[in-house]
Every structure is written in structure tokens, then in C-alpha cells.
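1. what follows is a protein structure lacking sequence information:
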């Protein structure tokens, strides 16, 4: 007899199975939340909180990442489903969807295993934008098959690290929600960008094969105040790793010399409007064996708007960003 959960009482089923079964049983199927917060007008602390469900291994986890007091932070909390696969609590971390697509509360208890305690509320400053489903295979194997949404928000509240309390009132940042299959170690390269500007947000996802051929691009410019997002229909990047002195450097295998990222992005929006963005910054989170990570950048558009961005570049093999492969059987051939 299949096990039922409280979610099975609701009109939410998409396949003829009880929750938390998914349409494709896969070790890398995940349902994941991500929140990042930072000052709106300068490079400083950045706090990142995630939570994800992994049906194949019957587990939830939550990652704490970021750069606080100039030091990169990391912690992983986890718990088994144990009859509650949908409750958004993992160890000291609790996420409350107070008002869908509008207001979310994030809490981390002040305990030794949590490097950063927090009580923070995300309030939407743009509409949520749903990216189309993206898929990538290596031969017959599914490496990536996910849907994804992005949204910019205002953050209020506080976080505390090593006895120091930081107010996040007036901070900006991003959240996303993705669900599906992602075998991170065998993804050649993706970029996730969240560019916060005074009049709105440029956000999205971009994937490439190792040779630089495009797999997928989707994103939007979402105006502040909740106006209708305008889709991104083309995206070009000229980005480079930089070392501690600010000079360009090569990633090699593990990026030992890399301290940040700089370069230029160019977006074309539906209707033909073009936006150029120049940026430079340093690590906000490093991904270790998965390659790359997230950088916090100060940015300026060609028309003079200034803002702060999170730019994620990660992957296992790419001619420019990750020239030394760290896994086997990459797409498209496997």
C-alpha cells in the first residue's frame, strides 16, 4: 500500500500517484527554494539561504551560504522525510510562505550548527516570472530537466553572526524556485543572474555546452512595483575570472587563483530594447567540487543606472570558464 501524506488531501496531484512521488524517479530530482539578500547600493555582506526536497533519497536539506564579515560561510542542515516531506523546516531553518508570490518569512535559530542566525522577511518588489522548462541530455541520460521561477524582493529583519547583528532593512535581493532533475556535477556550464536596478530586476538562466554552444536562455526585465515582466530574447556575455589584484586569471581545474568576476553582459528584450551591463565583484559563495559559485557585483548599465547583482557561474567543463573537466560523460554525447 503506498504511503499517503497530508498533501494528498488537496487538489494538487499532477500524476496518478500519492505525494511525494514524481513523474520521473531520478536520484537528482529536487524541488528547491533559494533566497539571496544584499545591500542595494554597495558591495558588503551577502546572506544566502536554500531549502530543497529530494524524493529519491527521502530527504530535505537547507544550505547556508554567503559572505559575512568578509568571510565565506557554509553549513548544511538535513532531515529525513519521516512522514513529513512537505514541511518547510530543516534543523534550525524554517521557511513560511506567508502570502504566495508576495511575502515569505525566513528564520534560522541561533544554535552552534548555524553560522548565521536570522529572522528576515522577503516582500516582492517585482512580479514573479516563470521561465520555460529547460532540458539537456547526455546521450539517452537526463542531466537537466527543470522548471524555474525568479522574483526580486525587498528584505527586512536581521541576521547575526559571531555576536554581530546586521539589519537588512532596505536590502534588495532575489528568490527562485526550481523543480525537476539537475545532475550538477555533469552540467557543463550555467549562469544564473539577478541584477537589481532602481527601476526593476534583470534575471534569468543561461546554459551552454562545453564548446560554448547555447543550450537554453530565458529571463526577463521585471519592473519594480509589480508591472508585467518583459522577456529576454537574447543574451551575450563577455565575463572573466579575476584574481586578488583584480587582474584577469584562468580558472584551471579548481580556481585557486580566482577571487571574483568582471565583464560585460548584453540583453535584448522582447520588442528589441537592448540593455548593456558592466560589472565587477568578488565571491559570495564558492561551490567547491561543483565548480565556480556566486559573485556579488557592482553593476552599471550603458544608460547610467547603477545597481548590485548576484551572478552565478558553475559547471564541470567549459572552454572558457572551466577548461579542465572535473567529471566524465558531459552532454551532449555523454
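-> Happy to help now that I have it. Since we're looking at a predicted model, the values are computed, not measured.
2. which one's the longest strand in the chain?
-> If you go by DSSP state E, the chain has its longest strand at strand 141-161.
3. pull up the pairing partners for that one, direction included.
-> strand 117-124 (antiparallel), strand 129-138 (antiparallel), strand 164-167 (antiparallel), strand 171-182 (antiparallel) (DSSP bridges).
4. buried residues in that strand?
-> 142-146, 148, 150-157, 159-161 (16 or more other Cβ atoms under 10 Å). In this view, the C-beta of every residue, glycine as well, is placed from N, C-alpha and C.
5. centre of the chain versus it, how much separation?
-> 5 Å (Cα atoms, centre = their mean, to the nearest Å).
6. can you check stretch 209-224 too?
-> Mean C-alpha position of stretch 209-224 versus that of the full chain (Cα atoms, centre = their mean) differs by 14 Å.
7. so for the longest strand of the chain, mean pLDDT?
-> The average pLDDT for strand 141-161 rounds to 97.
8. low-confidence regions, this protein specifically.
-> The chain contains no residues with pLDDT under 70.
9. do that again at 80, thanks
-> 1-2 (pLDDT under 80).
10. give me whichever of the strands paired with strand 141-161 is most buried.
-> Highest mean neighbour count of the strands paired with strand 141-161: strand 171-182, a mean of 22 (counted as mean count of other Cβ atoms under 10 Å).
11. I'd like the next helix or strand past that one.
-> Following strand 171-182 in sequence order, the next helix or strand is strand 189-197 (DSSP states H and E).
12. other SSEs contacting the helix or strand following that next one?
-> The helix or strand immediately downstream of strand 189-197 is strand 200-208, counting by DSSP H and E. Judged by 3 or more Cβ pairs under 8 Å, 6 or more residues apart in numbering; DSSP states H and E, strand 200-208 is in contact with strand 129-138, strand 141-161, strand 189-197, strand 214-223, strand 230-242.
13. ok, the closest residue to residue 141 other than its chain neighbours - contacts?
-> The shortest distance from residue 141 to any non-neighbouring residue, by Cβ to Cβ, 6 or more residues apart in numbering, is to residue 334 (5.9 Å). Shown in contact with residue 334 (Cβ atoms under 8 Å, 6 or more residues apart in numbering): 137-141.
14. please apply the same query to residue 84.
-> Residue 84 neighbours (Cβ under 8 Å, 6+ apart): residue 5.
15. ok, it to residue 19 distance?
-> To residue 19, residue 84 is 11 Å away according to Cβ to Cβ, to the nearest Å.
16. if anything else comes up later, I'll come back, but that's it for now.
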